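> just need the structure, nothing else, for what follows:
(chains A and B)
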Amino acid sequence: MLTLLGLCFLALLGLAVWGGSGRAPRAMFLGCAACMAGLGLVGGAALTGLGLPATPLPIGPPWAPSLIAVDALSGWFLLILALVGLPAALFAAASPAPPRAEGAAFPLFLAGMAGVLVAADGFSMLLGFEAMSLASWGLIAARHPRGPGRRTARLYLGFAIFSGLCLIAGFALLAPAGLSFAAIRAAPPEGWRAGVVLMLVLLGAGSKMGLAPFHVWLPLAHPAAATPASALMSGAMVKVALYVMLRMLLDLSGPAQPLWWGLPLVAAGAATALIGGLRANLEQDIKAALACSTLENMGLMVIGIGLALVFRGADLRPLAALALAAVLLHALNHAGFKALLFLCAGAVASLAGSRDPDRLGGLIHRMPWVAGCALLGAASAAALPPFSGFASEWLLLQSLIQGWRVAEMSVQLLAAATLAVAGMAIGLAAAAMVRFAGLVFLGRPRTPMAAGARDATGLMRAALLVPAVASAALAILAAPVLALGGGAIAVLLGPNARAPVAGFDLALGEVGARYAPWAVAGLLALATVLILLAVKNRSKHEPVRGPAWDCGFLPPPAHLPFGDPLSQVSAAGLGQPIRRSLGAVALTLSERHGAAPPGSPQPATLRVEAEDRGFSHVLQPLRRLRQALSREAEALRNLTLRAYLSISFGTLVLLLALVAWLERE
Amino acid sequence: MGFGQLPYDVAHVLGGAMLLVSFVLLYQRRIAALVNALALQGCLLAAAAVWQGYVQGAPQLYVTGLIALAAKGIAIPVFLHRMMRSRMPDRAVEPVGSIGLCMLGGVLLVALAILVVLPATTGARALAREDLAIALSIVLLGLLTMITRRSALGQVAGLMTLENGLVLGAVGVAGMPLVIELSTAGLVLVIIVIAGFFARLLRERFDSLDTDMLHPHRGEGQ
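Here you go, the predicted model:
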């Protein structure tokens, strides 16, 4: 176990050196995939009870050796990492050779994420976290030497540094006795210290996973990287931040934290889910839309963590286990379908030449494999019943519905309101998936490039099939998989907590609500087969393949063999109703109508400019504050000698007064 | 050793006298009297150092006392008097801000110094504790003098007070190494500052010692 783990880490570090040399990138990425498979094995073994107790390493900071441990929670997240990392590495191997910096940063990124998951002391965890942040920044910056991509990388780096600082401060408050997790668990924080830890974790881990109002970087940064890196950032890195949040709030802070701890998480999660679901409908870039959908899913998971904290604080352990099971299962499901969707988007971008839906369309005919995988992923992300996203979101909504069992009226009201918001976010996410699948894969091609696209083959097809098969399996086998993750729930909620599972069903107790994915899938399959058979055998007419309906437009002229592109709905047009009715919730919108002068044959134009409210409400005030501070500092430069002397004298007297005050205690 | 014993009492009287002279330096407006007060403080410092050398049986403190007497008690004041007469015969008085506020601030600083030093040095000898409290008070008063005075001479007076306080603190602690070197270094610093001020004034032929006139010449442009 330890040997396999150590081998994987050493191999990843060696691969980073190899990747930096730029030789044989395909073999290097295949090596990364093998390491991911190894880490997945370690995670699976930890879930079946073969975990690794806290083990000191021969390396570490000067004051103590580094500790690593793999318990069930780490194992679950290692499995998530492997589920995303394996296909991402395969896809990278199938892509053209990346820049050398990217080749070096990719294995380091994987190693950093795995390092966070197996760390058993604060120092190692922060080290892994920072390595992950820096390497992912490198992955973005390597692709963008200058221009707006570079600015995005800088914005991301700023947020990464901010989250790292918050987590360092959080661990400093958690660990007066020592940085090892055992020492922190022995002396959990209390009083104001616990409150500050909650705030710092919310800021640190929250800004890493794009929690509102620190979400503005995520829809920019995740699509800016290469496709495998985007899949890793959106599928795995946010989960690592989720792991840090779970570990620090539910495990290290002890079981005795009050009920109100969950409320800020529920509120922030609901806001994030709504913003993400909304923005996913309005993005022009398909990868950006997928990144916004990640925001929505992370918001749902944070709602779940908040509910688990609330239920635990109210001493309702079974309900806390229910909420936590929803979080864990959704993290796994989301990793599967989001990796699948990002890789499909990357395949479309590389094989059909664009990420703009207005230049794609009709790809289901040209790329049946990619389209099939993407439709499976979109159905999962839209939480349609037999597919994988449904099971976990069903659990989450069930635990929200159980919010009335907490005696406090405020919690009941918040749970009811959150239920409405979460339902709206899930609906918006489904609409976004309809938009994604419909614009890219259905309809008619909008450009010759799209009409001539080829399907994914070889390694790239394998990279798509791994998460597709995993998502399909998770859809049917949600309950057994969740039962396997029962250990992770026990780590966080005590040995008596167990997952809400009964056989192959997800069930809330013996007589509560129940969801049997196998039955739903079987009935739907049966109905489909019956309908197909009935149509085929009972119809009087032979099936005929007709031309695609052109929305009532005239037949296209000869120079447009694929039909008039303007007669198909565009990405902005499909999003317009949602933008008009709800867009102002998340975005500052400005529309400019350019009407043609009377008599002119020019078409009228409509320009829409949208900016996230996070920019105008969070980043702009921060920038103004920084400018004001620098102006104040500038004023200090031109003082008289006496003023300088007064400043140092005042500082001295102040410090002496502080000393005198401290000595009185 | 405590209150009522000769070594303690004499050291206490000398230190207290230096503190008193610091207050004089804080408010004195006539320049001649200011220089005289500086000379008096230098002599008191020399006496304190010699007395400490006698009490602690440390002959190197006699050297410190001699240096203080020769430089601060005699040489520097004589030089300053001569300078005053030749450079600015008509400016015998220099403006000082509100005297009452200055004195109030000085009293508060002494109280602060006592509040800081006395709890921090529990366990040390009573002589060293009182001595340190007085020395810190003198240092703070010197800084306050430097801030409230506008003239170069006033700033020199403040700097010398500050340095006197440091030396007093150094001689008051038994077994403190490098006391002679410390006092000499402080002296050199004071002399360099005085020399710098006057060299600059002589070269640029100002008719005033007001440092406000130096501000446009710091090279930063206005």
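
> please make it C-alpha for all contacts and neighbour counts, starting now.
Noted.

> got any ranges where the chain has weak pLDDT?
Went with chain A since none was named. Chain A contains residues with pLDDT under 70 at A:548-556, A:561-565, A:665.

> ah, no, chain B please
B:1-4, B:87-97, B:197-222.

> what parts of it come near chain A?
Contact residues (CA under 8 Å from any CA of the partner chain) of chain B with chain A: B:L112, B:A113, B:L115, B:V116, B:P119, B:A120, B:L143, B:L144, B:M146, B:I147, B:D212, B:H215.

> for chain B, what spans make up the helices?
Ranges of helices in chain B, per DSSP state H, are B:6-27, B:31-56, B:60-68, B:76-87, B:99-120, B:126-148, B:152-172, B:179-204.

> which other helices and strands contact the shortest one?
Using 3 or more CA pairs under 8 Å, 6 or more residues apart in numbering or on different chains; DSSP states H and E as the contact criterion, the neighbours of helix B:60-68 among helices and strands are helix B:31-56, helix B:179-204.

> now those in a markdown table, with mean neighbour count?
Converted to a markdown table, those look like this (neighbours: other CA atoms under 10 Å in any protein chain shown):
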| stretch | mean neighbour count |
| --- | --- |
| helix B:31-56 | 22 |
| helix B:179-204 | 15 |
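
> follow-up on the earlier one: which pair in the residues of chain B next to chain A has the greatest spatial separation?
B:P119 and B:H215 (41.8 Å; CA to CA).

> and chain A, which residues reach chain B?
A:640-643, A:645-646, A:649, A:656-657, A:659-660, A:663-664.

> got a markdown table for the residues you listed, with secondary structure and distance to B:D131 too?
Formatted as a markdown table, those follow (DSSP: H, G, I helix; E, B strand; the rest coil; distance: CA to CA, whole Å):
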| residue | secondary structure | distance to B:D131 |
| --- | --- | --- |
| A:T640 | coil | 34 |
| A:L641 | helix | 31 |
| A:R642 | helix | 29 |
| A:A643 | helix | 30 |
| A:L645 | helix | 26 |
| A:S646 | helix | 26 |
| A:F649 | helix | 22 |
| A:L656 | helix | 17 |
| A:A657 | helix | 19 |
| A:V659 | helix | 19 |
| A:A660 | helix | 18 |
| A:E663 | helix | 19 |
| A:R664 | helix | 21 |
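
> among the residues you listed, name the buried ones.
A:T640, A:L641, A:R642, A:S646, A:F649, A:L656, A:A657, A:V659, A:A660 (16 or more other CA atoms under 10 Å in any protein chain shown).

> so what's the closest residue to B:L25 other than its chain neighbours up against?
Excluding its sequence neighbours, the residue lying closest to B:L25 (CA to CA, 6 or more residues apart in numbering or on different chains) is B:L34, at 6.1 Å. B:L34 is in contact with B:V24, B:L25, B:Q28, B:A157, counting by CA atoms under 8 Å, 6 or more residues apart in numbering or on different chains.

> adding neighbour count, write the residues you listed out as TSV.
Shown next, in TSV, are these (neighbours: other CA under 10 Å):
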residue	neighbour count
B:V24	16
B:L25	24
B:Q28	20
B:A157	26
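
> nearest to B:A58 among those residues?
When the contacts of B:L34 are ranked by distance to B:A58 (CA to CA), B:A157 comes first, at 29.3 Å.

> distance of the closest one from A:A194?
Distance, B:A157 to A:A194, by CA to CA, to the nearest Å: 53 Å.

> next one: A:L560
The value you get for A:L560 to A:A194, if CA to CA is used, is 66 Å.

> still on that earlier bit, A:I305: which of the helices and strands packed on helix B:60-68 is closest?
Of all the helices and strands packed on helix B:60-68, it is helix B:179-204 that lies closest to A:I305, at 63.6 Å by CA to CA.

> which residue does chain A bring closest to chain B?
A:A660 (4.6 Å; CA to the nearest CA).

> residues in contact with the nearest residue in space to that residue that is not next to it in sequence?
In space, A:A660 comes closest to B:V116 once its chain neighbours are excluded; the distance is 4.6 Å by CA to CA, 6+ apart. By CA under 8 Å, 6+ apart, the contact set of B:V116 is A:L656, A:A657, A:V659, A:A660, A:E663.

> B:L19 contacts B:I134, doesn't it?
Yes - between B:L19 and B:I134 there is a contact under CA atoms under 8 Å: 6.8 Å.

> confirm A:L397 sits in a helix?
Yes - A:L397: assigned to a helix according to DSSP: H, G, I helix; E, B strand; the rest coil.

> what is the neighbour count of it?
21 (other CA atoms under 10 Å in any protein chain shown).

> and the gap between it and A:S646?
Taking CA to CA, one finds A:L397 at 63 Å from A:S646.

> just A:G49 next, same as before
From A:G49 over to A:S646 (counting by CA to CA), the distance is 67 Å.

> find the residue at the geometric middle of chain B.
B:T161 (1.3 Å; CA atoms, centre = their mean).

> if I pick that residue, what's in contact with it?
B:S22, B:L38, B:Q41, B:I138, B:V139, B:L141, B:G142.

> contacting residues around the residue nearest to the fifth one when sequence neighbours are not counted?
Distances taken as CA to CA, 6+ apart place B:L162 nearest to B:V139, at 4.3 Å, with adjacent residues excluded. By CA under 8 Å, 6+ apart, the contact list for B:L162 reads B:I138, B:V139, B:L140, B:L141, B:G142, B:L143.

> what about B:F79, how many neighbours?
By other CA under 10 Å, the burial measure for B:F79, its neighbour count, is 11.

> now it: how far from A:L508?
Relative to A:L508, and taking CA to CA, B:F79 is found at 97 Å.

> again with A:P223
38 Å.

> the more surrounded of these two?
Set A:P223 next to A:L508 and count neighbours by other CA under 10 Å: A:P223 wins out with 25 against 20.

> how about the backbone phi and psi for the more buried one?
The phi/psi pair for A:P223 (degrees, to the nearest 10) reads phi -70, psi -20.

> quick one: it and A:K287 touch, right?
Yes - with contact defined as CA under 8 Å, A:P223 counts as touching A:K287 (5.2 Å).

> on that earlier part again, so which of the residues of chain B next to chain A is the most crowded?
B:M146 (28 neighbours).

> give the contact list for that one.
Contacts of B:M146 by CA under 8 Å, 6+ apart are A:R642, A:L645, B:G154, B:Q155, B:V156, B:A157, B:G158, B:L159.

> of the residues you listed, which is the nearest to A:L86?
Nearest to A:L86 among these, with distances taken as CA to CA, is A:L645, at 63.3 Å.

> where do the strands sit along chain A?
Remark: strands assigned in chain A by DSSP state E are A:52-56, A:67-70, A:501-502, A:505-507, A:514-515, A:587-594, A:605-612.
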